[in-house]
Structures are given as C-alpha cells and as structure tokens.
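In: Starting from these lines, generate the structure:
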Amino acid sequence: MSLDIVYSLSENLVIMSTQMVASVLLLKRQGGISEEELLSKVTWLYNEIKARQGAMTMNMTPSQASVRNALKFLSTFVDMKKDVFAPMVRVAPEYKNIQMLAYYRNSITHLFINECYIATSLQSFGS
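Out: Got it, this is the predicted structure:
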C-alpha cells in the first residue's frame, strides 16, 4: 500500500529547468561547466525526460534564457567565474550548497531508476 503512494507521488512530480540545471551542475563539480556546454547537457536531459514521459513545466527545448533563469535562482549555491559555473564548495560548512543542488536533482531520479539499479550493482562489484 505505501509503495503505491510513493509511485503515485513520483509519477506526478513536475520537473522544472532549475532541477535539470542542478543535476548537470552536480555532474560537473570538478572544474565547472561553460554556459554553452550547460545548455547542451540540459537540452539532452530535457529530451531524455520527455522520452520517459516525465511531467515538465516546459513545452519546448530549454533555451539560453531558461538556463540563465535557473542559474539566477540557484545563484546562492553556484560559483560563477567568467563563463564557467560550478557548485560552490569551499570548506565543510559549504557542503550545504551541494545538498541544496542535490535536493533539486532528486526530483528527477525516479525517471532514471533502472539505470540507478544497474550502476549500483556495478559499483558493488568494483566496476
């Protein structure tokens, strides 16, 4: 019974550009990511979510404006140096920034659960 509730809640999550941008930023923690590459990876993620029939607030491919709006919203958690963006991590108390970006990312993990099972299995065998 409780699993039915969890599945129902997951299926009804609506994904925003902020969550996609946070997900990509967490993948590129070391060294950051350029705005052009960020837009490219967010577009790829958008297409993957659409292919998996995830509910989205956007009806069209992410644009530079939507990525910039998401970055503006996440600005307290993201370092912006020239044209490179990276999660803001300096000392142990700053790990809250990673936690906040992970909070946004976690709302799309249900769409990639099968890949999570495979990656976890491979990791447990040391691959």
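In: any idea which element Val24 lies in?
Out: Applying DSSP states H and E as the criterion places Val24 in helix 17-27.
In: any idea of the mean pLDDT in whichever strand or helix holds Ser121?
Out: Assessed by DSSP H and E, Ser121 sits inside helix 113-124. Here helix 113-124 scores 87 as its mean pLDDT.
In: repeat for stretch 16-28
Out: 88.
In: could we number from 58 for the rest of this?
Out: All right, first residue 58 from here; so that's stretch 73-85.
In: List the contacts of the residue nearest to the spatial centre of the chain.
Out: For the chain, the residue nearest the mean C-alpha position is Ser80 (1.7 Å; Cα atoms, centre = their mean). Residues in contact with Ser80 (Cβ atoms under 8 Å, 6 or more residues apart in numbering) are Leu102, Tyr161, Arg162, Ile165. All C-beta spots, glycine's among them, are computed from the backbone N, C-alpha and C.
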